[in-house]
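In: Just to be clear, the model below is a prediction. Sequence and coordinates:
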Amino acid sequence: MAIKVCKFGGTSMADGNIIKSVKKIIESDPERKYIVVSAPGKRYSGDTKVTDLLYACYKSLTENGVCAAGFAPVRARFESLVRELNMNIDIDDVLDATEKRIDEEKSEDFTASRGEYLCAWVVSKVLGAKFIDSENVVYFKENGKLDGERTYKAIKEACADCELAVFPGFYGQDINGKVKTFSRGGSDISGAIVARAMQASLYENWTDVSGFLACDPRIVDSPKPIKKLSYKELRELSYMGANVLHSDSIFPVRKANIPIQIKNTFRPQDEGTSILPSSRYMPAGNTVTGVAGKKNFTVIFIEKSLMNAEIGFIAKVLEVLARENISVEHIPSGIDTMSLVIASEQLTDFKLQRIIEGIQTEVSPDTVRIIENIALIATVGQGMSSSVGTSARLFNAIAAANINIKMIDQGSSEMNIIVGVKNDDYEKCIRAIYSEFFTSAPCE
Ligand code: ASP
């Protein structure tokens, strides 16, 4: 029988009643065998996610030496969730043991991981499934990256004797045997890891939206849903801020060609978005799949006559940035010019000054100019590379909206065109691009 791995996000775990609907979803399809869960999320706007309560709990542990005060709201949250389930689950001992271990471990990652741990424990009781603690099956290497080989083997072994299992997302074990978390939202990665280990036919990611939309619904009213995306398009869109799925979740499943299906726990009848390996993906009629972006970048513009003939010019510039531990998002360049696009949050005034001085010393440019408050907008579509005139339509639409483009970068895969505009023009520019590619053309 085909196997599906299902990951349920925080809002799908927010309270006992929602967990009852999750149980129905899982039980309605016998292929749904391996379940990965996040910590309970917000129940209403203004509520606090359990993971955030746990970060605050760790803070209170560092201040008071014990976590009791900080752990109290987490305890209350799980007690009420279990009450709502109305199922004779006794969580008190598990909560006591968890509190004790938080005090002993004195680790931020360990504390933050307990939302997933407790939630998976509860869900395993609800489903009558095996609870597999990710601490014992997900391993990190010394460099902080996943130890795939060891992890996939351990997950397979742990699942060998069971028909239905629940894993906590978000964490694993480092080389010192200590619990280590992924970055925020990392349960999506855990789900992909389990899917890879179990060679699932599908990785279902259950969230609170019916898949990806062609652009941010806070900017455009009811944008069109995206029914199909390729892995590559997903990477580009998620990296640029379309945050339905953690952008790193693609790596474990990509090698095994496992498709991902985004589904909505609150509207399971909706089709959602299929994310497919590029080999199985045929771009639909529309050349553009989606538009996403982020604000607050700084551009360092460098000009020097005959730059193109100077061997090692770019390497020297990048060396200056590496010394300051700065990562660069894009490097659009011309014959005598190059720009470095950097997320502004990485740059203090002091660092920026040192970078400029470093560039002046290393490559003696004619000009170095700083342009701040830049937003980047990516127009993404695998079909773009084979269709004539997409960039002309894009730039015309931006010009017609009277927006000045500060920078252009076309990824070498020709599946995205990134423009830099002033932060203030960000929303207007997204609307202009959306309306050009989505309001007249049919969207598949
Ligand atoms: N609970 C963690 C977070 O809030 C991980 C996750 O939800 O995926 O970031």
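Out: Yes, it's here.
In: from the stretch 251-400 of the chain, which residue is nearest to the ligand?
Out: The ligand sits closest to T265 of the stretch 251-400 of the chain, with a gap of 13.8 Å, by C-beta to the nearest ligand atom. For every residue, glycine as well, the C-beta is placed using N, CA and C.
In: Burial check on the closest residue in space to that residue that isn't next to it in sequence, number of neighbours?
Out: The shortest distance from T265 to any non-neighbouring residue, by C-beta to C-beta, 6 or more residues apart in numbering, is to S12 (4.0 Å). Using other C-beta atoms under 10 Å, S12 is surrounded by 24 other residues.
In: Also E157?
Out: Neighbours of E157 (other C-beta under 10 Å): 11.
In: What does the pLDDT read for it?
Out: What the model reports as pLDDT for E157 is 97.
In: Can you tell me how far it is from the ligand?
Out: According to C-beta to the nearest ligand atom, to the nearest Å, E157 and the ligand sit 25 Å apart.
In: and that residue, what element?
Out: helix 148-159 (DSSP states H and E).
In: Looks like S249 contacts G191 (just checking).
Out: Yes: applying C-beta atoms under 8 Å, one finds S249 in contact with G191, separated by 7.0 Å.
In: list the residues that contact both of these two?
Out: Here S249 and G191 have N205 as joint contacts, going by C-beta atoms under 8 Å, 6 or more residues apart in numbering.
In: what sits against the spatially most central residue of the chain?
Out: What sits nearest the mean C-alpha location of the chain, by C-alpha atoms, centre = their mean, is H246, with 1.8 Å. With contacts defined as C-beta under 8 Å, 6+ apart, H246 is in contact with 182-183, 185-186, 188-189, 238.
In: Return the per-residue confidence for it.
Out: pLDDT at H246 comes out at 89.
In: Spatially, which residue comes closest to it, not counting chain neighbours?
Out: D188 (3.9 Å).
In: Now the element after the longest helix seen in the chain, going C-ward?
Out: Across the chain, the helix with the greatest residue count (assigned by DSSP state H) is helix 108-127. Toward the C-terminal end, the helix or strand that comes next after helix 108-127 (DSSP H and E) is strand 130-131.
In: Report the strands that pair with that following strand, each with its relative direction.
Out: strand 165-168 (parallel) (DSSP bridges).
In: Please save the CA atoms from the partner strand in CSV.
Out: Below are the C-alpha coordinates for strand 165-168, written out as CSV (Å, rounded to 0.1, in the frame of the first residue of the first chain):
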residue,chain,number,x,y,z
ALA,A,165,3.2,6.4,14.4
VAL,A,166,3.4,10.0,15.6
PHE,A,167,6.6,12.1,15.7
PRO,A,168,7.2,15.5,17.2
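In: counting contacts, what elements does the helix or strand following it pack onto?
Out: Sequence-wise, the next helix or strand downstream of strand 165-168 (DSSP H and E) is strand 171-173. Using 3 or more C-beta pairs under 8 Å, 6 or more residues apart in numbering; DSSP states H and E as the contact test, the elements touching strand 171-173 are helix 108-127, strand 179-181.
In: Identify, out of those, the most deeply packed stretch.
Out: Ranked by mean neighbour count, the helices and strands packed on strand 171-173 are led by helix 108-127 with a mean of 24 (mean count of other C-beta atoms under 10 Å).
In: and that one, C-alpha only, in PDB?
Out: Coordinates of each C-alpha in helix 108-127 appear next as PDB, following Å, rounded to 0.1, in the frame of the first residue of the first chain:
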ATOM      1  CA  GLU A 108      16.900  26.900  25.100                       C
ATOM      2  CA  ASP A 109      16.500  24.400  22.300                       C
ATOM      3  CA  PHE A 110      15.400  21.700  24.700                       C
ATOM      4  CA  THR A 111      12.800  24.000  26.300                       C
ATOM      5  CA  ALA A 112      11.400  25.200  22.900                       C
ATOM      6  CA  SER A 113      11.100  21.600  21.700                       C
ATOM      7  CA  ARG A 114       8.700  20.500  24.400                       C
ATOM      8  CA  GLY A 115       5.600  21.900  22.600                       C
ATOM      9  CA  GLU A 116       6.100  19.400  19.800                       C
ATOM     10  CA  TYR A 117       7.000  16.600  22.300                       C
ATOM     11  CA  LEU A 118       3.900  17.100  24.400                       C
ATOM     12  CA  CYS A 119       1.700  17.500  21.500                       C
ATOM     13  CA  ALA A 120       2.900  14.400  19.700                       C
ATOM     14  CA  TRP A 121       2.500  12.400  22.900                       C
ATOM     15  CA  VAL A 122      -1.100  13.600  23.200                       C
ATOM     16  CA  VAL A 123      -1.900  12.900  19.500                       C
ATOM     17  CA  SER A 124      -0.400   9.400  19.800                       C
ATOM     18  CA  LYS A 125      -2.800   8.700  22.600                       C
ATOM     19  CA  VAL A 126      -5.700  10.100  20.600                       C
ATOM     20  CA  LEU A 127      -4.900   7.900  17.600                       C
END
